[in-house]
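> quick one, what's the 3D model for this:
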Amino acid sequence: MKENQGNSAQAVKLTANKPFVVLITAQLVSNIGDWLHILALLTMVGLKWQASPWEITAVSLCMAVPMLLGGPFAGYLSDRMDRRAIMIGSDLVRAGIVACLVFAGSLWQVYVLLLAKGVLDVMFSPAKSGKLKELVPPEQMDQAVALSSSIEQITKIIGPAIGGLLVAAVGISACYIIDSVSYIVSAVILLGLPRAGMFKTDRVSEAAEAPKLRHSFRKEAGAGLRLIAGMPVVLSGVVMIVAALLVLQVADSQTVTLFREIPGVNADLLGWCVAASGFGTLLSALVVGRMGSSKRQLVFMATGTILMGSVFASAALVAAYGQAGLWMNIMLFGSFVLAGAGAGFVLIPFNSMLQCRTPEAYTGRVFGIVSSLTSAAVILGPVAGGALVTVSGPVTAFIVSGMLAALLGASLLFLRPGIEKRDKASHALEQSVA
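Below is the predicted model:
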């Protein structure tokens, strides 16, 4: 029965898959709302309240720490419970939390609300990844991941502009209310999802043997880690993306510091460069979606990491030895486009690989573990970046981190044949045992 369903799904275009369209429509609405919330929050804390750099850093940590600590548990729940219900519930609770920011009068209140919202964010993310696995056939997963990433980058490009205009036009509190409403709209849209997608695997046999096979949460959550370790290509991809994020965050977190090194630089250049990086990732999403990455994931990831590292090092040299003006702006803008494209070549094939190689019943646990690992890199990278910039300056930090990233990418290209050979042998052994 499942095979017949899968074969019929192949003939259907991805955009004709109504449940998938419902899922990405809800994503579009909530992503735009998120940018309003982030812009309003930074304006309130950074400009209105004049928070110190460490207080602003604490804002970022409050958003990242729940993902670091709660990823495996959230993934476990998303594999055991109704994923649609988790997403809808998360949206509704987040709507209330964001609305409470209107009444926040101190930083500690903001921190508490952001931690609470982070808990709901970490619940939503693996449930969405698992639901995507339920709704999309394997042969269309590259396109689905690329389209989802394209939406994220489009909102990254237009979101800050809309957020800035709304903050100026209607104020900070109104932006919080609009974001709160966007979560409610997203929850209403998600009601259109089926409780179980076409590609959801049968859990009946597992439930019948529950009295014998009931494991502790630690063992259940650890099943995702064992699954990753048993697939050499996936394991190397996880190691690669965590290492690349850690190294690149050293420089990326200090972009503002680098721009301050340019005499007479236009104050608007940073905003344009952030939008440029989103545009570059959007372009790479379109390329990956058209070419497909299912057979070349490690090549895409290695190439993207080399590109990002090279661009980071080059941007540092431009900032150090160039002169502010039109050509400086063009070179930095182009550098951020290329860096964004490199990020897309890393992240999109990686997410597609996880979706394609992970059994549907384990999707939440695998994505939860990966989210925790990447969150650790996102947290530790800026700390290392701050220390390196303090000791040697932003230019050196960019050059060092860029060269290390390029070396990581080159190492993956060199090791790729051996990794793929071990992966094929492991997959063949699994098939023979099954």
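
> for the stretch 1-150 of the chain, which segments count as helices?
2-10, 18-42, 53-80, 83-100, 107-135, 141-170 (DSSP state H, counting those that start in this stretch).

> mean confidence score for the first one?
Mean pLDDT, computed over helix 2-10, is 43.

> now for the helix or strand hosting Val366, which elements pack on it?
In the assignment (DSSP states H and E), Val366 maps to helix 363-392. Judged by 3 or more CB pairs under 8 Å, 6 or more residues apart in numbering; DSSP states H and E, the packing partners of helix 363-392 are helix 53-80, helix 107-135, helix 217-229, helix 232-252, helix 326-357, helix 394-433. The way it works is simple: take the backbone N, C-alpha and C, and place the C-beta from them, glycine included.

> angle of it against helix 107-135?
Interaxial angle, helix 363-392 versus helix 107-135 (axes from the mean of the first three to the mean of the last three CA atoms, to 10 degrees): 140 degrees.

> how far does helix 363-392 sit from the chain's center?
12 Å (CA atoms, centre = their mean, to the nearest Å).

> mind listing what's buried in that helix?
363-379, 381-382, 384-386, 388-389 (16 or more other CB atoms under 10 Å).

> now swap in stretch 224-240 and tell me
224-225, 227-228, 231-238, 240.

> re earlier: among the helices and strands packed on helix 363-392, show the one with the smallest mean pLDDT.
Mean pLDDT per stretch puts helix 217-229 lowest among the helices and strands packed on helix 363-392, at a mean of 73.

> test my guess that Pro126 contacts Ser372.
No. Between Pro126 and Ser372 there is no contact under CB atoms under 8 Å: 10.4 Å.

> which residues are common contacts for the two?
Gly71 (CB atoms under 8 Å, 6 or more residues apart in numbering).

> once you drop chain neighbours, what's closest to Asp34?
Asp179 (6.9 Å; CB to CB, 6 or more residues apart in numbering).

> contact partners for the closest residue to Gly71 other than its chain neighbours?
Leaving aside its chain neighbours, Gly71 sits nearest to Ser372 (3.5 Å; criterion: CB to CB, 6+ apart). Neighbouring residues of Ser372 by CB under 8 Å, 6+ apart: Met67, Leu68, Leu69, Gly70, Gly71, Pro72.

> hmm, Val366 and Pro72 touching each other?
No. With contact defined as CB under 8 Å, Pro72 does not reach Val366; the gap is 9.8 Å.

> now the helices and strands packed on helix 363-392 in TSV, with distance to Leu307?
What follows is the helices and strands packed on helix 363-392, written out as TSV (distance: least, CB to CB, whole Å):
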stretch	distance to Leu307
helix 53-80	25
helix 107-135	26
helix 217-229	26
helix 232-252	11
helix 326-357	4
helix 394-433	8
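
> nearest to Thr281, of those helices?
When the helices and strands packed on helix 363-392 are compared by CB to CB, helix 326-357 sits nearest Thr281, at 4.0 Å.

> quick one: that closest one to chain centroid distance?
Per CA atoms, centre = their mean, the centroid offset for helix 326-357 relative to its chain is 13 Å.

> quick one on the thing from earlier: which ones are touching the residue nearest to Asp34?
By CB under 8 Å, 6+ apart, the neighbours of Asp179 are Gly33, Asp34, Leu36, His37, Ala40, Val98.

> check contacts around the most centrally placed residue in the chain.
Centroid-nearest residue in the chain: Leu347, 7.7 Å away (criterion: CA atoms, centre = their mean). Residues counted as contacts of Leu347 (CB under 8 Å, 6+ apart) are Ser149, Ile241, Thr281.

> compare the residues you listed and tell me which has the most neighbours.
The residue in the contacts of Leu347 with the most neighbours, by other CB atoms under 10 Å, is Thr281 (28 neighbours).

> can you give me the neighbour number for the residue nearest to Phe124 when sequence neighbours are not counted?
Ranked by CB to CB, 6+ apart and with sequence neighbours excluded, the top spatial neighbour of Phe124 is Ser90, at 4.1 Å. Per other CB under 10 Å, the neighbour tally for Ser90 reads 26.

> looking at the contacts of Asp179, spot the one nearest Leu166.
Leu36 (6.2 Å).

> what does the pLDDT read for the closest one?
75.

> how many neighbours does it have?
26.

> quick one: contacts for it?
Contacts of Leu36 by CB under 8 Å, 6+ apart are Gly159, Ile162, Gly163, Leu166, Cys175, Tyr176, Ile178, Asp179, Ser182.

> thank you kindly, that will do.
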